[in-house]
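>>> sharing a model that was predicted from the sequence below.
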Amino acid sequence: MDDKFMQSMERLLNLKEEYKGKLEFAKETNDNEKIIHYQGACEGLKVAMSAFAPYLNKNY
C-alpha cells in the first residue's frame with residue numbers, strides 16, 4: 001500500500017483512540033459540552049475510516 005495512505009489510516013486510528021479517551025474523561029466529569037463534541041468527533045472518524053475500507057479490502 002502507498003505510504004501516504006498508510007500514514008493517513010494510522011493517523012485516523014490514533015485520533016480514534018485519542019478521542020475515545022477524551023470522551024471517557026468527559027463522561028467521568030459530566031462535561032456535557034465536551035461529551036457532545038467528542039461523540040461527534042468519534043462518529044466523524046467512523047465515517048472517514050469507512051471511506052478507507054474499499055482500499056483495504058483490495059490489498060488483502
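That came through fine. Numbering: from 1, shown residues only.
>>> in CSV, list the C-alpha atoms belonging to stretch 40-56.
Extracted in CSV, the C-alpha atoms of stretch 40-56 (Å, rounded to 0.1, in the frame of the first residue of the first chain):
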residue,chain,number,x,y,z
GLY,A,40,-19.5,13.9,17.1
ALA,A,41,-15.7,13.6,16.5
CYS,A,42,-15.9,9.8,17.1
GLU,A,43,-18.8,9.5,14.6
GLY,A,44,-16.9,11.6,12.1
LEU,A,45,-13.9,9.4,12.4
LYS,A,46,-16.0,6.3,11.8
VAL,A,47,-17.3,7.8,8.6
ALA,A,48,-13.7,8.8,7.5
MET,A,49,-12.4,5.3,8.3
SER,A,50,-15.3,3.7,6.4
ALA,A,51,-14.0,5.6,3.3
PHE,A,52,-10.8,3.6,3.6
ALA,A,53,-12.5,0.2,3.7
PRO,A,54,-12.7,-0.4,0.0
TYR,A,55,-9.0,0.3,-0.4
LEU,A,56,-8.0,-2.0,2.5
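>>> what is the mean pLDDT for that stretch?
Across stretch 40-56, pLDDT averages out at 86.
>>> identify the residue nearest the geometric centre of the chain.
Of all residues in the chain, the one closest to the mean position by C-alpha atoms, centre = their mean is residue 16, 3.0 Å from it.
>>> which non-adjacent residue is nearest it?
residue 45 (5.1 Å; C-beta to C-beta, 6 or more residues apart in numbering). Backbone N, C-alpha and C define where each C-beta goes, glycine included.
>>> and the one you found, how far from residue 32?
If you measure residue 45 against residue 32 using C-beta to C-beta, to the nearest Å, the figure is 20 Å.
>>> ok, and the residue nearest to the centre of the chain, which helix or strand is that part of?
Assigned by DSSP states H and E, residue 16 belongs to helix 3-28.
>>> quick one: list the elements packing against that helix.
With contacts taken as 3 or more C-beta pairs under 8 Å, 6 or more residues apart in numbering; DSSP states H and E, helix 3-28 sits against helix 32-58.
>>> in the helix holding residue 16, what's buried?
9, 15-16, 19, 22-23, 26 (16 or more other C-beta atoms under 10 Å).
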